[in-house]
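Student: Got a sequence here, can you model it:
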Amino acid sequence: MHRVNKGWVCSIMICAAMLLLQHGLSGGQRFTIAQVQYSGGGDWYGDATVISNWLRLLRARAAIETAEDRVILKLTTHTLYNYPMLYLVGHGNIRLTESEVEILRHYLTHGGFLFVNDDYGLDESFRREMRRVFPQQELAPIPNAHPIYHCFYELPGLPKIHEHDSEPAQGFGLFHDGRMVVYYVYSSDIGDGLEDADVHPEDTPEVRELAAKMAVNIAVYVLTH
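Tutor: As a prediction, this is how the structure comes out:
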C-alpha cells in the first residue's frame, strides 16, 4: 500500500501560492501545466487528456487550486514565466532553435521546471537537445530515495506504466544549484496512465493508480522545491 506523506500536505498550498506569486500570476489565475509546442516533426500535441486529468487529481487529492485544462505554448511565448511547470511529450524528433535553447536554460535556472514524458521514440533527440541547453551536464539517473518519489505518496521508485521495449522504468534528471530542474521518464510513460481510460484500455486500474500517484508527486515536488 502506498501511503500519503502527510507532513507535506499542510505546506503545499502555501508553497504553491508563493511560487505563483513569484511567477507574476494574479490572484485569479490558478496552477496549470503548460504543454510545450516544439519543432522537428515530433508529435508535441499528444496526450490530449493528460493534463486535464492531472489537474483534476491535484484538486481532489492534494487540494491544490488548479485550472481546468492545459495551456499550449512555444518556448518563445511571452507568458512562459507564468507557468512554473512545463510538460513535453512525443514519439518523434524534437529540435529547438538557438533562441529556444537560451530561453529554456534561463527559464530552468530561474525557478522553472520541465517534465518530459517519452511516449516512445523521443529519447535520442531529447538527449541531444538537452546537451545544448546544459552542455556541462548529462542526464543523471534519479535514485529511488529522491524526494520526487516520496513527497506526497510513498513510492518505491518510478512505476512502469507502458511496456515499450520491456526495459525497466527509468527516471533521469538535470540539476541547477542543487535543484532538479528537468525530470525525464524513459520506458515508463506516465502520460499513458493519465489519459482517459478509453485511450489505453489495456492499462488496468492498478496501473492507472500508480500513474496518478506519480503524477501527483511530480507536481507536489515542483511546488515544494
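Student: quick one, strands of this protein?
Tutor: With DSSP state E applied, the chain shows strands at 34-36, 71-73, 85-90, 113-118, 140-141, 170-176, 179-186, listed in chain order.
Student: Ok, which of these comes nearest residue 148?
Tutor: Closest of those to residue 148 is strand 179-186, at 6.5 Å (criterion: Cβ to Cβ). The C-beta positions use only the backbone N, C-alpha and C, and glycine is treated the same way.
Student: From the contact counts, what lies against the lengthiest helix in the chain?
Tutor: Longest helix in the chain by number of residues (criterion: DSSP state H): helix 205-224. Helix 205-224 sits against helix 6-22, helix 50-62, strand 113-118, strand 179-186, helix 190-194, with contacts defined as 3 or more Cβ pairs under 8 Å, 6 or more residues apart in numbering; DSSP states H and E.
Student: for the residue nearest to the spatial centre of the chain, what are its contacts?
Tutor: Central residue of the chain (Cα atoms, centre = their mean): residue 115, 2.9 Å from the mean position. By Cβ atoms under 8 Å, 6 or more residues apart in numbering, the contact set of residue 115 is 85, 86, 87, 88, 182, 183, 184, 185, 218, 222.
Student: Rebuild the residues you listed as JSON lines, extending it with distance to residue 38.
Tutor: Below are the contacts of residue 115 laid out as JSON lines (distance: Cβ to Cβ, whole Å):
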{"residue": "85", "distance to residue 38": "16"}
{"residue": "86", "distance to residue 38": "11"}
{"residue": "87", "distance to residue 38": "12"}
{"residue": "88", "distance to residue 38": "7"}
{"residue": "182", "distance to residue 38": "14"}
{"residue": "183", "distance to residue 38": "17"}
{"residue": "184", "distance to residue 38": "15"}
{"residue": "185", "distance to residue 38": "17"}
{"residue": "218", "distance to residue 38": "20"}
{"residue": "222", "distance to residue 38": "20"}
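Student: Which of the residues you listed sits closest to residue 124?
Tutor: Of all these, residue 184 has the smallest distance to residue 124: 12.7 Å, by Cβ to Cβ.
Student: Just the pLDDT for the closest one.
Tutor: pLDDT, residue 184: 98.
Student: who's it bridged to?
Tutor: Legend: beta-bridge partners of residue 184 under DSSP bridges are residue 116, residue 172.
Student: I'd assumed residue 158 was in contact with it.
Tutor: No: counting by Cβ atoms under 8 Å, residue 184 sits too far from residue 158 to count as a contact (10.4 Å).
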